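[1] Give me a 3D structure for the following:
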Amino acid sequence: MKPSYILIGIVIAVVVVGGVIMLQSNNNSQLSSFEEEENMTPPMMEEQSQPSPTVVYTDGGYSPKELAIKKGDIVTFRNESSQPMWTASAMHPNHTAYPGTNITNCGKPAMMGMMFDACAVTSAGSSWMFQFNEIGEWGYHNHMQASHTGNIIVE
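    Now for the predicted structure:
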């Protein structure tokens, strides 16, 4: 082999090894920076870590039966029963007590998320959430078993 080929090979090897070392060094510094950011808890993060109000549905119904929240709170309705639930605004079967809610609007994309109506069953072990933006007392029920009711008080 000619000495110039050997020299070119050595230069290429040095450049490749140097590049790998630089990449590893850069990744380690980014990881350290990420770990430092992850360990920092900004004040805003602490305020948001409050658990959302939760209503649990069991075979016996909703618990708590009445829940007081603030306007804008998101309530989680968690199904821990052996049956599906369909949480919806009172009164059965139309679901019209909460403003803008009506079972006839289920399935209309423009209305979804604004209605206090899951518009479908929530299977056992799953949850459905709704943000209450209207002040007042809002009765609700399980559309699958209308005798199971509850009340959300929005202040």
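[2] So T104: helix, strand or coil?
    helix (DSSP: H, G, I helix; E, B strand; the rest coil).
[3] What distance do you get for it to F132?
    Distance, T104 to F132, using CB to CB, to the nearest Å: 21 Å. Just so you know, the C-beta spots here come from the backbone N, C-alpha and C atoms, and that holds for glycine as well.
[4] do the same with W138
    Taking CB to CB, one finds W138 at 7 Å from F132.
[5] any common contacting residues for the two?
    The contact sets of W138 and F132 overlap at F116, I152, V154 (CB atoms under 8 Å, 6 or more residues apart in numbering).
[6] Just list the residues touching the last one, thanks.
    Spelled out, it's V154. I69, K70, K71, D73, F132, E134, I135, G136, E137, W138.
[7] and if you look at S123?
    N79, P84.
[8] Could you tell me the backbone phi and psi angles at it?
    The phi/psi pair for S123 (degrees, to the nearest 10) reads phi -70, psi 160.
[9] What of the one 3 residues further on?
    Geometry field for S126 lists phi and psi as phi -110, psi 170, criterion degrees, to the nearest 10.
[10] Check which element follows the worst-scoring helix or strand of the chain on mean pLDDT along the chain.
    For the chain, using mean pLDDT, DSSP states H and E, the weakest element among its helices and strands is helix 43-48, scoring a mean of 39. Beyond helix 43-48 on the C-terminal side, the first helix or strand identified by DSSP states H and E is strand 54-58.
[11] buried set for that following strand?
    By neighbour count on 16 or more other CB atoms under 10 Å, the buried set for strand 54-58 is V55, Y57.
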